[in-house]
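Undergrad: curious how this folds, go ahead:
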Amino acid sequence: MYKIFLSYPTGADQDGEITEFRKKLENQLRMKTGDRELAIFQDQEAIALGQSWQARLERELDKVPFLMPIVQPLFFTSHWCVQELTDFHARMGGEDQRILPIYWVQSNELENPTSDAGRILKELQYFDWRPVRAEPWGNAVKRRQLNVLSDEIANIIGQASATASPTPRTNPPSTLSSTDPPPKANVRRLVDLLVSCFSASELRRFIQWLPDASRIVNRLPEGGSLFGLAADSVDLLVREGMLDDAFWRALLEERPRRHGDIAPVAALWGVIL
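TA: Purely as a prediction, here's the structure:
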C-alpha cells in the first residue's frame, strides 16, 4: 500500500540517486513501522507500460496520506511538481495528512519564496539532505541521517494512524489531576500538533512567550529535530503543570486558523476552546 507520494521533477534522477534514496527509506520504514506492505510511490517504477501516467499520478496522489517533495530549483519550474504540491496542500484535512519536504539541492525559491509553491514549503519543517546528498551510501553520516529521517517519518505515520482511529463515545475526555500521568496517546497528539503548527525556531519562540516560560526555557534542548524539540517541550510543560487554559489560549492566538486541529487536542487535556 502506498503511504508516501514522491514528487520530483523530470530528469532529476538521471544518476539514480533519488531511486536509491526511495528504496533505502522504504526498507527502513517497513522495519520501523512493522508494515511489510508500506510503499513509497515513485512514478518511474509504479506506472506500467501503456498506462496513462497523468491519470495514475492523480489517482495515487488522491489516496496517499503523505506527499514528499524532493526540493530543488527544478521542482519550482516543473508544472507537475507544483500542481502536485498545491493540490495536495489544498485538500489536507488534518493531522493524518502531511507534506514531508526533503531539501535536496540549494534553492533560492525555498529560501526567499516568490511563488505559492515556495511559500507553502517555506512554512513547513523540511529535512535537510543537502550535506549528505553527494556522499556514497557507505558514508556513516549519510546512514545516520537516513536513520534519523526514517525515525521521524515512522513516528509521524504512527501518530497519523492513531488519530485516524475513531474515539469511543463512551470515553469522553476528562480533566486530569496534577498528579495523574497523562495518557501517552494525549502526549502523542499534542507533540504531533506542535510539529504540524511550527518550525523548530517558531516553536522555541512560542514556548519562550508563554506565561512562566522562565521555568522551562533554559531546559529546552539546543539543536536536534523538530519532533525531538516538540516532545521535550511537552514533557517539560507536563512536569511543570503548564498545559492549562492559558497555554491553549496562547496556542490558538498564535495559530488562529488551526482552531479545528487545536480544539480536539485541547479537549483531550480537559480544556474547551
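
Undergrad: residue contacts, residue 128?
TA: residue 103 (C-beta atoms under 8 Å, 6 or more residues apart in numbering). Using the backbone N, CA and C atoms, a C-beta is placed for each residue, glycine as well.

Undergrad: where does it fall, phi/psi-wise?
TA: phi -90, psi 110 (degrees, to the nearest 10).

Undergrad: any idea what it is bridged to?
TA: residue 103 (DSSP bridges).

Undergrad: any idea how far it lies from residue 217?
TA: Noted for residue 128: a distance of 25 Å to residue 217, by C-beta to C-beta, to the nearest Å.

Undergrad: ok, residue 183 next?
TA: 26 Å.

Undergrad: before we move on, what about residue 159?
TA: For residue 159, the distance to residue 217 - C-beta to C-beta - is 26 Å.

Undergrad: higher neighbour count, the two?
TA: residue 159 (22 against 15; other C-beta atoms under 10 Å).

Undergrad: shouldn't the more buried one be in contact with residue 190?
TA: No: if you go by C-beta atoms under 8 Å, residue 159 and residue 190 don't touch, sitting 10.4 Å apart.

Undergrad: so residue 77 touches residue 11, yeah?
TA: No: with contact defined as C-beta under 8 Å, residue 77 does not reach residue 11; the gap is 11.1 Å.

Undergrad: tell me who's in contact with residue 145.
TA: The contact partners of residue 145, taken as C-beta under 8 Å, 6+ apart, are 129, 131-132.

Undergrad: show me the strands in the stretch 51-200 of the chain, by range?
TA: 66-71, 98-99, 102-103, 127-128 (DSSP state E, counting those that start in this stretch).

Undergrad: low-confidence ranges, the stretch 1-150 of the chain, go.
TA: Applying pLDDT under 70 to the stretch 1-150 of the chain flags residues 1-2, 44-60, 94-95.

Undergrad: 80 - rerun?
TA: Scanning the stretch 1-150 of the chain for pLDDT under 80 picks out 1-2, 10, 43-63, 93-96.

Undergrad: output the contacts of residue 145 as TSV; include the columns distance to residue 140.
TA: TSV is the format used below for the contacts of residue 145 (distance: C-beta to C-beta, whole Å):
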residue	distance to residue 140
129	16
131	13
132	10
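
Undergrad: what subset of the residues you listed is buried?
TA: 129, 132 (16 or more other C-beta atoms under 10 Å).

Undergrad: which one of the contacts of residue 145 is nearest to residue 244?
TA: When the contacts of residue 145 are compared for distance to residue 244 (C-beta to C-beta), residue 129 wins out at 39.2 Å.

Undergrad: so that closest one versus residue 146, what's the distance?
TA: Residue 129 is 9 Å from residue 146, by C-beta to C-beta.

Undergrad: what's the answer for residue 268, then?
TA: For residue 268 relative to residue 146 (C-beta to C-beta), the value is 33 Å.

Undergrad: and what of residue 83?
TA: On the measure of C-beta to C-beta, residue 83 and residue 146 end up 29 Å apart.

Undergrad: look at these two and report which has more neighbours.
TA: residue 146 (18 against 15).

Undergrad: hmm, residue 25 and that one touching each other?
TA: Yes: using C-beta under 8 Å, residue 146 is in contact with residue 25, at 6.7 Å.

Undergrad: wait, isn't residue 150 in contact with residue 30?
TA: No: between residue 150 and residue 30 there is no contact under C-beta under 8 Å: 9.7 Å.
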